[in-house]
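Peer 1: How does the following fold in three dimensions:
(2 chains)
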Amino acid sequence: MSAEVAKKTTKRPKQDRVAIVSGLRTPFAKQATHYRGVNAIELGKMVVNELITKTELDPDLIERVVFGQVVVLPEAPNIAREIVLGTPMNVRTDAYSISRACATSFQTIASLADSIMLGDVSVGIAGGADSSSVVPIGVSKKLSLALVDLQKARTFGQKLAILKKLRPGDLLPVPPAIKEYSTGLSMGQNAEQMARDRGITREEQDALAHRSHSLAAKAWESGLLNDEVMTAHVPPYTKEPLSQDNIVRFNSTLEGYAKLRPAFDKKYGTLTAANSTPLSDGASAVVLMSESKAKALGYKPLGYIKSYAFSANQADHDMLMGPSYATPLALKKAKMKLKDLDLIEMHEAFAAQALSNVQAFGSTQFAKDKLGQRTKIGDIDMDKFNVNGGSLAYGHPFAATGARLITQTLNELKRRGGGVGLTTACAAGGLGAAMIVEVD
Amino acid sequence: MANNSIFEFDLQDDGIAIVSFEVEGEAQNVLKQEFIDEADSLIKDIAQQKEIKGVIFTSRKPKSFIAGADINMLNSAKTVEEAEQMSRNGHIIFDKIEALNIPVVAAIDGVCLGGGLEFALACHGRVCSDDKSTKLGLPEVQIGLLPGGGGTQRLPKLIGIAASLDLMLTGKQVFPKKALKLGLVDEVTASANLIKAARKRLMQLRKGQQKKKSIFSMQALQTLALEKNPIGRNILFDQAKKQLLKKTKGNYPAPEKILECVEKGVSQGKAAGFAIEAKNFAELVMSSEAKSLINIFFATTELKKDTGIDSDVQPATIDKVGVLGGGLMGSGIAYVSADKANKMVRIKDISADGINKALNYSWKIISKKVKRRFISDADAKKTMSRLTGSINYDGFHDCDMVIEAVFEKLELKHQMVNEVEANCSNKTIFATNTSSIPITEIAKAAKRPEQVVGLHYFSPVEKMPLLEIITTPDTADWVVASCVELGKKQGKTPIVVNDGAGFYVNRILAPYMNEAGLLLSEGVAVEQLDKALVKAGFPVGPITLLDEVGIDVATKVAPILEDAFGERMAPPKIFERLIADNRLGKKNGKGFYQYGKKQKGPKEVDSSVYQLLGVEPTKSMSNDEIAERGILLMLNEAVRCLDEGIIRSARDGDIGAIFGIGFPPFRGGPFRYMDGMGIEQVIARLKHYEALHGERFSPAAKLVSMAEQKETFYG
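Peer 2: Just a heads-up that it's a prediction; the model follows:
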């Protein structure tokens, strides 16, 4: 059996659930477009500030902010606290930050939910923000080493010796790594391997991307997202404000996808820029309260958290299978079967990764080999799957995606008159996250 | 040594005497006669004690060194001689400090202004704290006076002629960093280290060390070129005089007298300098200009304490302000609410673009402050985060006050009242920034008319100091008190007025503007009209004002006033023709003046306007007559406003006219001006013009009865 970890098994009293009172996100934008020059902290501040205002939440009631970013800005690693200090929030609001790669805001929400269930706090804000437009650009390892050595060197001769070792190439700035630290593989290579080994075709992937964009476009056109996406005004406030994601293709055609060349494996690859999520900028956040507190304050929560689980699997092979590992754990904690769910919202990092997981959900072999259970997780009814499109269309500002999935699912459940939904994502390092939410 | 009521003397083991002072019963330390008397005996004692090696002067009152001389004391001088003696007494005591043969250092924490700074200048060294409250300056010119405690003599010596003129002629206050750069203080340090720094400075002075300044800085080079030789100095003084005359139009004597003091001091030496300072000071103290400016100072101080209501009802807490409409006025109101008053502000506009523009308005002002290093980038962002917007009423429910700044249309205003009542709480105050529609009309749509009030801001909101708060008979006292408090926090001087067509400011402005239009129809040239009133002391002439405000906006209120008050408020026919020709003023680049790219030097009149209006600009009329006709009508209308209870007092009427219209401050406002002129004389002049131009000059009934009873406005 492969390594999988069940994290929490604590049961909470049924009567006081964790309520998701409201949720909001910025529009997601392609790298270096609307949010050019706006860093993740500013995006986080923007969404939290508007969320508080829109929710008409007294800042003094907010006891804790849990936030995260994946591409961490070295000058301010605790984004949560910066959000508190940089907005009209009460300075006495506690704040800490977490990173769990692409599942970061699953974790911020889960951690805050833990505190609420423990009775530690009763009102808080969780979320995540990421910018691919403002990233820490560093120096080469050689130059960095030389700079440290130079500080220690005493004589001119020693200094010269250090400098002599440097080559012009060492002086070039280095953008943040796209390769996984421990495996040396890029995300694209990982997804390419998964597609290759499972025989997932280019056509299948393009079809999923087309589906995602078409459904997202429809959702926007029918105004489904107006309430959960704010309008982003960016300094110096001369650029036209952004009210919609600028990644969604409103005139997506299947033929369009076929034209692109493979992005990662130029020879035999099936992944293209169009069936992978683009680098994007954005932030999202939710207000969490204990159910009793929410009611006492007169709020009608959007929905409630039923269960959640995190998993870890191998990172050098089939790395992005997290949903298939985390989902059964979350289902078990909720005492539910896949067929009990009304909606399944899965993060689409790559069409290949989403399709691989859809396949694994319906595979008895996978269940036996990897999960150590006799029955498969369950076949996914595509009518319940990412009904308003997924990350392929909306984009994926890493830390912001989890909260987007959760808020979007809750709003859809609400429109359908209530029900239960699964939200799940894979994350770098072979991690998985799954959260089951319900709307009364 | 005996401690007296103000000073405490503490001789330390090392022979340094720390002399601390506090004037009890005052918010700030001020220089009073008592202070001077006690200081005098103290210095005598110090001079006799051989064991004292140095003196540090510091304040015991937190965040207040000395805020200046007690203005009441200055006001008490009955004659020029008395006033001159006052200045001389100051000279004597400060001279004694300067003449002590042990070093004396002022340790400054908090405001150090006017006489307070002159006191510090008499010391041999000055150190100050980096606290936010620490400000140094000689603001006397702002109340029509000059620094009469040796400031005009000691400051140029310390920081140079040009720099000292800049401080004294503008009255500006400088923060510690700038004070250090100017050489006004020797060191800036944290408040807690102030005495340590003062002690260090004392030691340096004892060793005879002087602060060294680089001779290669721009400042040093300028000093060398302009100040260290008579030719350069003459150029400097000439330039300064030209510039100040351009600003004062000869209406304010103080700047010229300051210049004279500095010039004499530099060219004829110390004794002559101090003598001319005392003489000029005394003349200014007795001048009508200074009296007017001091009265304005007192009136604004009073208004700062005024709650705006007669009952003792408490204002509501205002945390969040909603603004409807992101146009020019809405943007400005949002800015002062967020940045000055530190409120949360929610802006609603019909489009996201409108909100963006409103945010940009604040951003421009705030980023300018960042550029000038008044505030940090983080502070700027934090202020901006208090401003948010929406195209619906999301986030409006918990607004304590909503200020509407939408188009001037009654139906639209009614719609706003209904929407706010539907979307906000039952405690939310509805304020309208209308400049023309009576508040009572707007309140008719309200379910809670007691929560409807007018807040008339003036454009540009962040610069204009007046806020006209308009109440209807229904408006509740707590609503008025809340508005007054918010207005003060927004940095405004609020006056509370009763509802009526044009309220107060626009009502007295209208006949004055109409008269300008009539004068133009009679054939007086545009430039001359503007020039005459600028010379009379208005910041801009009436025609320029029309162009700036927008001819459509400026003429909007006219028909309402004509409806309410009849013929005397009838706007001249020519205004209609301007609107018909789509001449809206500066905003559409088409008005009385030319608005083009090549603008250099004074702007030129668009002469096609004469053809349009069918007039020949050939009539010759004296500037005095032009100004008098407009001003008299304004005065006459102001009397009616007081009589009808539109304004609560003559004081409010004076402040409203000065801060809202720019009525010449040196005249003290319409009511002070009439008192000064004599009511009889006002009536006589009005009757003179009535005979020439008709009934609009007919003196108000109140004026006539006042003349009969020999009354004045200020008793």
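Peer 1: CA atoms for contacts and neighbours, from now on please.
Peer 2: Fine.
Peer 1: for chain B, what are the nearby residues on the stretch 101-250 of chain A?
Peer 2: For the stretch 101-250 of chain A, the contact set with chain B under Cα under 8 Å from any Cα of the partner chain comprises A:231, A:233, A:235, A:236, A:237, A:238, A:240, A:241.
Peer 1: Specify which member of those is nearest to residue B:251.
Peer 2: Nearest to residue B:251 among these, counting by Cα to Cα, is residue A:236 at 41.9 Å.
Peer 1: quick revisit: show me which of the residues of the stretch 101-250 of chain A next to chain B are buried.
Peer 2: A:231, A:233, A:235, A:237, A:241 (16 or more other Cα atoms under 10 Å in any protein chain shown).
Peer 1: Turn these into JSON lines, including pLDDT, distance to residue B:443 and secondary structure.
Peer 2: Shown next, in JSON lines, are those (pLDDT from 0 to 100; distance: Cα to Cα, whole Å; DSSP: H, G, I helix; E, B strand; the rest coil):
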{"residue": "A:231", "pLDDT": "97", "distance to residue B:443": "33", "secondary structure": "coil"}
{"residue": "A:233", "pLDDT": "96", "distance to residue B:443": "34", "secondary structure": "coil"}
{"residue": "A:235", "pLDDT": "93", "distance to residue B:443": "38", "secondary structure": "coil"}
{"residue": "A:237", "pLDDT": "95", "distance to residue B:443": "35", "secondary structure": "coil"}
{"residue": "A:241", "pLDDT": "96", "distance to residue B:443": "35", "secondary structure": "coil"}
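Peer 1: Of those, which pair is most distant in space?
Peer 2: A:231 and A:235 (13.2 Å).
Peer 1: so which residue of the stretch 151-300 of chain A comes closest to chain B?
Peer 2: residue A:237 (4.8 Å; Cα to the nearest Cα).
Peer 1: let me fix that: the stretch 1-150 of chain A
Peer 2: Closest point on the stretch 1-150 of chain A to chain B, by Cα to the nearest Cα, is residue A:54, at 4.4 Å.
Peer 1: what's around that residue, how many residues?
Peer 2: Using other Cα atoms under 10 Å in any protein chain shown, residue A:54 has 23 neighbouring residues.
Peer 1: The one 3 residues further on too?
Peer 2: Neighbour count for residue A:57, taken as other Cα under 10 Å: 17.
Peer 1: Could you look up the SS state of it?
Peer 2: Of the three states, residue A:57 takes coil according to DSSP: H, G, I helix; E, B strand; the rest coil.
Peer 1: follow-up on the earlier one: enumerate every residue touching the residue of the stretch 151-300 of chain A closest to chain B.
Peer 2: B:356, B:357, B:359, B:360, B:363 (Cα atoms under 8 Å, 6 or more residues apart in numbering or on different chains).
Peer 1: how about the strands of the stretch 101-250 of chain A, start to end?
Peer 2: Counting by DSSP state E, counting those that start in this stretch, residue ranges of the strands within the stretch 101-250 of chain A are A:123-130.
Peer 1: wait, I meant the stretch 1-150 of chain B
Peer 2: In the stretch 1-150 of chain B, the strands defined using DSSP E, counting those that start in this stretch lie at B:7-11, B:16-21, B:54-59, B:64-66, B:104-108, B:111-113, B:125-129, B:135-137.
Peer 1: Quick one: mean pLDDT for the first one?
Peer 2: Right, strand B:7-11. The pLDDT scores in strand B:7-11 average 92.
Peer 1: what pairs with it, and is each one parallel or antiparallel?
Peer 2: Within its sheet, and counting by DSSP bridges, strand B:7-11 is paired with strand B:16-21 (antiparallel).
Peer 1: Repeat that for the last one.
Peer 2: Taking DSSP bridges as the criterion, strand B:135-137 sits next to strand B:111-113 (parallel), strand B:173-174 (antiparallel) in its sheet.
Peer 1: most packed of the ones you listed?
Peer 2: strand B:111-113 (a mean of 28; mean count of other Cα atoms under 10 Å in any protein chain shown).
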